[in-house]
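Visitor: all I have is the shape, not the residue letters:
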């Protein structure tokens, strides 16, 4: 049960909260830009997975902001892949859990 909470419930709740918070930022012309939303939702997941940070040295303010923006874009791209993998993992764990419960319920009448 602890594995179920760790692999399904917590990621789904984090994704739902991120979706609710970031969706108003992605509304353009009355429609939601889902690519931008996926990129923004991926930043918290991707920043921790990045192996190399580009550190701005010897740049002026514009160059420093450009390097930091590039860091966040790369983190968002990596995080988008991690986010989609977490959703897939949650679906697999949930389907295996439901299959196990259904199989267990199906076998109950046979036990004598």
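Guide: Structure received. Predicted model, so just to flag it, every value in this text is computed and none were measured. Residues are numbered from 1 along each chain as shown.

Visitor: confidence score at the spatially most central residue of the chain?
Guide: In the chain, the C-alpha nearest the mean C-alpha coordinate belongs to residue 83, at 2.7 Å (CA atoms, centre = their mean). You'll see residue 83 listed with a pLDDT of 92.

Visitor: element containing it?
Guide: Element membership of residue 83 [criterion: DSSP states H and E] is helix 61-107.

Visitor: now swap in residue 52 and tell me
Guide: Applying DSSP H and E, one finds residue 52 in no helix or strand.

Visitor: please report how far it lies from residue 59.
Guide: As for residue 52, its distance to residue 59 is 17 Å (criterion: CB to CB, to the nearest Å). All C-beta atoms are positioned from the backbone trio N, CA, C, and that covers glycine.

Visitor: so between the two, which is more surrounded?
Guide: In this view residue 52 and residue 59 are compared by other CB atoms under 10 Å, and residue 59 has more residues nearby, 11 against 7.

Visitor: quick one, phi/psi of the more buried one?
Guide: Dihedral pair for residue 59: phi -100, psi 160, per degrees, to the nearest 10.

Visitor: shouldn't it be in contact with residue 67?
Guide: Yes: with contacts counted by CB atoms under 8 Å, residue 59 reaches residue 67, the gap being 6.6 Å.

Visitor: which SS class is the closest residue to residue 18 other than its chain neighbours?
Guide: Sequence neighbours aside, residue 41 is the residue nearest to residue 18 in space, at 4.8 Å (criterion: CB to CB, 6 or more residues apart in numbering). Here residue 41 is recorded as helix under DSSP: H, G, I helix; E, B strand; the rest coil.

Visitor: how about residue 41, what does it touch?
Guide: 15, 18-19, 22, 79-80, 83 (CB atoms under 8 Å, 6 or more residues apart in numbering).
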